[in-house]
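All I have is the shape, not the residue letters:
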Ligand SMILES: O=C(O)C(=O)C[C@]1(C(=O)O)C=C[C@@H](O)C=C1
């Protein structure tokens with residue numbers, strides 16, 4: 001275990017956990033928009049390709065913004081992220097020190113102590129030797145932490161309380177990479193991260209697919225019959241929807257920020273009527289017992305994460321690459337067919353299409369004097385395709401797409417995760 005930086009050691013802001021997890025979401029969003037410092041985790045050598053590979057020199061791939069409409073797309077970022085984060089931290093004046101670590105009566109290893117970053121933690125960090133600092137959303141034991149360990153063995157994993165904070169941590173040089181979930185095989189897309197990809201200027205430099213094996217966790221001695229509530233990340237709740245019903249649990253379901261945070265919350269507040277959906281590692285860290293194992297509705301449940309960096313990597317052709325783009329057009333969905341055909345004609349397979357509201361111009365009015373005014377919803381389209389930007393066919397496809405769109409941005413061209421398929425097992429989550 002290693003703290004993120006010796007210089008990151010000024011006034012510690014306390015983490016205030018409200019008494020109910022719904023408020024925790026709300027409260028966190030409003031008031032504690034800063035990176036928390038838990039003891040960060042160093043992963044042992046393990047899964048994945050060589051680190052040098054992932055850390056390959058940054059440059060060249062031009063992630064261009066072709067926009068006729070300066071007001072559209074990522075030019076519409078919310079006010080400066082650093083302002084945002086600094087204001088929130090400055091505004092967070094409380095200095096009560098809450099011990100959120102459950103007391104383990106069985107002398108089990110204690111989870112890492114949680115210390116939020118202070119304002120100076122948000123200034124550019126000095127170099128940390130060769131160890132890569134990887135920001136993820138959640139607390140230790142979250143699947144995102146496991147994904148960080150899979151993507152970057154030996155990395156120093158830095159927990160963040162919100163997805164946006166993970167983006168900011170990289171932008172402010174507190175972290176070198178962020179690892180963020182974008183889609184799950186059962187729960188679908190994590191829309192927030194699609195929106196954030198557009199609002200920030202980070203580049204996708206890789207992807208990892210993590211088998212997600214959920215457990216039902218409760219305090220030692222608690223039986224299923226005692227439960228009146230199950231809490232977890234909304235994705236995890238949706239991934240276990242049917243199994244929870246099949247288990248015959250008469251429980252309400254409540255969403256919290258992350259799966260491991262739900263486990264920690266139960267332990268901290270000694271809640272005997274509440275269970276969490278989280279990993280076996282979270283059970284271990286927070287001293288909970290596993291009431292049911294493998295409760296995801298599909299055993300091949302898998303979440304796809306992307307790795308983000310300040311600079312793009314150099315696209316190559318000696319291994320399978322994927323490229324992610326986002327585009328929009330003044331005339332809305334009418335150009336979609338033309339755009340997609342640019343890939344089809346070149347035999348480039350698409351692996352994902354996602355549409356999100358065009359936040360700057362959500363509605364387009366089309367007047368027809370005879371009939372009235374039609375209100376069309378406007379979208380941003382995200383497409384992943386199986387080709388490297390180093391390939392001529394991909395460059396030609398994008399040149400053509402550019403002709404049909406008013407806004408186009410390459411989010412990244414990166415190696416595909418080709419690790420052999422292995423259905424989710426509990427030990428996959430243990431870095
Ligand atoms: O809460 C966690 O443990 C996370 O890492 C987040 C998250 C998600 O956002 O989808 C990641 C993977 C699982 O699909 C469930 C939750």
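That came in fine, so what should we check first? The structure displayed is predicted, hence computed values, not measured ones. Residues are numbered from 1 along each chain as shown.

Is residue 384 bridged to anything, and to what?
residue 324, residue 352 (DSSP bridges).

ok, it - contacts?
If you count contacts by C-beta atoms under 8 Å, 6 or more residues apart in numbering, residue 384 has them with 322-324, 350-352. From N, CA and C alone the C-beta is placed, and that goes for glycine too.

Domain parsing of the chain, as residue ranges.
Residue ranges for the domains of the chain, per automatic domain parsing: 21-69+77-211, 215-295, 315-415.

coming back round to it: and which of the contacts of residue 384 is nearest residue 188?
Residue 188 lies nearest to residue 352 out of those, by C-beta to C-beta, at 10.9 Å.

isn't that closest one right up against residue 411?
No. Counting by C-beta atoms under 8 Å, residue 352 does not reach residue 411; the two are 11.6 Å apart.

Which residues are in contact with each of the two?
residue 382.

between these two, which one's more packed in?
Neighbour count, other C-beta atoms under 10 Å: between residue 352 and residue 411, residue 411 has more, with 23 against 14.

now the more buried one, what's its secondary structure?
Of the three states, residue 411 takes strand under DSSP: H, G, I helix; E, B strand; the rest coil.

Would you mind confirming that it makes contact with residue 194?
No. Assessed by C-beta under 8 Å, residue 411 is found out of contact with residue 194, at 9.7 Å.

shared neighbours, these two?
With C-beta under 8 Å, 6+ apart as the test, residue 411 and residue 194 both reach residue 382.

Give the burial count for residue 362, as a bare number.
12.

likewise residue 369?
Residue 369 has 6 nearby residues by other C-beta under 10 Å.

Contacts only, for it.
Contacts of residue 369 (C-beta under 8 Å, 6+ apart): none.

so how far is the ligand from it?
48 Å (C-beta to the nearest ligand atom, to the nearest Å).

Now do the phi/psi pair for residue 213.
Residue 213 adopts backbone torsions of phi -110, psi 110, taken as degrees, to the nearest 10.

and the longest helix along the chain, which residues are buried?
When the chain is parsed with DSSP state H, its longest helix is helix 392-404. Residues of helix 392-404 classed as buried: 394, 397-398, 400-402, 404 (neighbour count, 16 or more other C-beta atoms under 10 Å).

Quick check: mean pLDDT of that helix?
The average pLDDT within helix 392-404 is 96.

likewise stretch 147-156?
96.

go on, stretch 257-268?
96.

just stretch 410-423 next, same as before
For stretch 410-423, mean pLDDT is 88.

same deal with stretch 195-210?
96.

Can you list the buried residues in that stretch?
Buried, per 16+ other C-beta under 10 Å, within stretch 195-210: 195-198, 200, 202-210.

any low-confidence regions in this structure?
1-130, 332, 359, 363-365, 422-431 (pLDDT under 70).

one more time with 80
1-130, 330-334, 359-377, 421-431 (pLDDT under 80).

Which residues of it lie near the ligand?
138, 142-144, 181, 184, 190, 212, 233, 235-236, 258-260, 303 (C-beta under 6 Å from any ligand atom).

make it 5 Å
Where the chain comes near the ligand, counting by C-beta under 5 Å from any ligand atom, the residues are 138, 142-144, 181, 184, 212, 233, 235-236, 258-259, 303.

Torsion angles phi and psi at residue 163?
Dihedral angles for residue 163 - degrees, to the nearest 10 - are phi -60, psi -40.

Pull the number of nearby residues for it.
A count of nearby residues for residue 163, using other C-beta under 10 Å, gives 22.

Am I right that it is in contact with residue 136?
No. Residue 163 is beyond contact range of residue 136, at 9.4 Å (criterion: C-beta under 8 Å).

which residues do those two both contact?
Residues touching both residue 163 and residue 136 (C-beta under 8 Å, 6+ apart): residue 180.

measure residue 272 to residue 266 for me?
Taking C-beta to C-beta, to the nearest Å as the measure, residue 272 falls 9 Å from residue 266.

oh sorry, the question was meant for residue 366
To residue 266, residue 366 is 52 Å away according to C-beta to C-beta.

Quick check on those two: which one has the bigger neighbour count.
residue 266 (27 against 12).

Enumerate every residue touching that one.
By C-beta under 8 Å, 6+ apart, the contact set of residue 266 is 217-219, 231, 274-276, 286, 288.

Remind me which helix or strand it belongs to.
Assessed by DSSP states H and E, residue 266 sits inside helix 259-269.

Equivalent analysis for residue 217, please.
strand 215-218.

and if you look at residue 340?
Residue 340 belongs to helix 336-344, assigned by DSSP H and E.

the inter-axis angle of that helix versus helix 392-404?
Angle of helix 336-344 versus helix 392-404, following axes from the mean of the first three to the mean of the last three C-alpha atoms, to 10 degrees, is 170 degrees.

buried residues in helix 336-344?
By 16+ other C-beta under 10 Å, the buried positions in helix 336-344 come out as 336, 339-340, 342-343.

okay, those in CSV with distance to residue 253 next?
Conversion of those to CSV gives the following (distance: C-beta to C-beta, whole Å):
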residue, distance to residue 253
336, 36
339, 39
340, 37
342, 43
343, 40
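
quick one: which of those is nearest to residue 311?
Distances from residue 311 to the buried residues of helix 336-344, taken by C-beta to C-beta, are shortest for residue 343, at 26.0 Å.

gap between that closest one and residue 197?
Residue 343 sits 20 Å away from residue 197, going by C-beta to C-beta.

Likewise for residue 160?
Residue 160 is 16 Å from residue 197, where distance means C-beta to C-beta.

for residue 270, same thing?
Taken as C-beta to C-beta, the span from residue 270 to residue 197 is 39 Å.

Also residue 243?
For residue 243, the distance to residue 197 equals 31 Å [C-beta to C-beta].
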